[in-house]
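> predicted coordinates and the sequence they were generated for:
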Amino acid sequence: MNLTTQTPLKLNIENVFMCPVYRANDPRWLYLDKASDRIVLKSIEAHKERRKEDKTRAKIPNSYHSENLWQHSEFKPFAGFVMQQMWNILSNQGYNLEAKQPLLTECWVQEFPIEGGFHDIHIHGNNHMSGFYFLKCSNKTSKPFFHDPRPGKLMTDLTNREPKKVNYSNSMINYPVRPGDFIFFNSYMPHSYQHHKGKERFRFIHFNMQAATLNNIEGLGKK
Ligand SMILES: [Fe+2]
């Protein structure tokens, strides 16, 4: 059948099941870069110690990863701020948040080693919103990638004819970032970080939030 001879219908397009990515630049939190210096150093030392005990560990990890930051007083206002933003986003998306409470489940500072680093594609299970705040980055450092979360598309995908354009055939998208950038996204969005050669330092805060039921929050202290 010669498809080119068929008259195209004038179709109305309805975009359903959309995957939003929210971005803003807010330099007010960049003072946390200095506050995170000693925390990153501690993560580097902790990796060395763990490797002394277990030589099967990589000498250089793909990323240095801190403990949860809210235990440090300088980071408490930031934790409250990002929780509020993510809560607002979930509410604006149409979710019923009655009888739910925001619970920041993770908030880490991550720095790629000077030898180079990356993050493989992953999601954060049992969370509803996630985000990044960039402390040290440039056009020479890594970028966050987001991947299409629809398994049906992945299983049947065709080759993208114009991968540099944003269109319906994309299976991933990346964003260049600068210090002070926030990115918020639903936790079902798979994400990764492009391999970074370590020419400059790359550091960001990564956080996850659950819209938790009140019973779950009350139970946390009893475990
Ligand atoms: Fe992540």
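Yep, that arrived. Numbering: from 1, shown residues only.

> going forward, measure contacts and count neighbours with C-alpha atoms only.
OK.

> now do the contacts for the residue nearest to P176 when sequence neighbours are not counted.
Take P176 and drop its neighbours on the chain: the residue closest to it by Cα to Cα, 6 or more residues apart in numbering is K143, 5.6 Å away. Listed by Cα atoms under 8 Å, 6 or more residues apart in numbering, the contact set of K143 reads N174, Y175, P176, V177, Y193, Q194.

> so where's the chain uncertain?
1, 216-223 (pLDDT under 70).

> give the helix, strand or coil label for the residue nearest the centre of the chain.
The structure's the chain has its C-alpha centroid closest to G131; by Cα atoms, centre = their mean the separation is 4.6 Å. Under DSSP: H, G, I helix; E, B strand; the rest coil, the three-state class of G131 is strand.

> max-length helix in the protein?
helix 32-53 (DSSP state H).

> so for that one, what gets flagged as buried?
The neighbour-count criterion (16 or more other Cα atoms under 10 Å) identifies L32, D33, S36, I39, V40, K42, S43, I44, H47, K48 as the buried residues of helix 32-53.

> turn the residues you listed into JSON lines, including distance to T56.
Shown next, in JSON lines, are the buried residues of helix 32-53 (distance: Cα to Cα, whole Å):
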{"residue": "L32", "distance to T56": "33"}
{"residue": "D33", "distance to T56": "32"}
{"residue": "S36", "distance to T56": "28"}
{"residue": "I39", "distance to T56": "25"}
{"residue": "V40", "distance to T56": "22"}
{"residue": "K42", "distance to T56": "21"}
{"residue": "S43", "distance to T56": "18"}
{"residue": "I44", "distance to T56": "17"}
{"residue": "H47", "distance to T56": "12"}
{"residue": "K48", "distance to T56": "12"}
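
> ok, these vs R203, which is closest?
Comparing these against R203 with Cα to Cα places D33 closest, at 8.2 Å.

> these two touch, right, that closest one and C137?
No: using Cα atoms under 8 Å, D33 is not in contact with C137, being 11.2 Å away.
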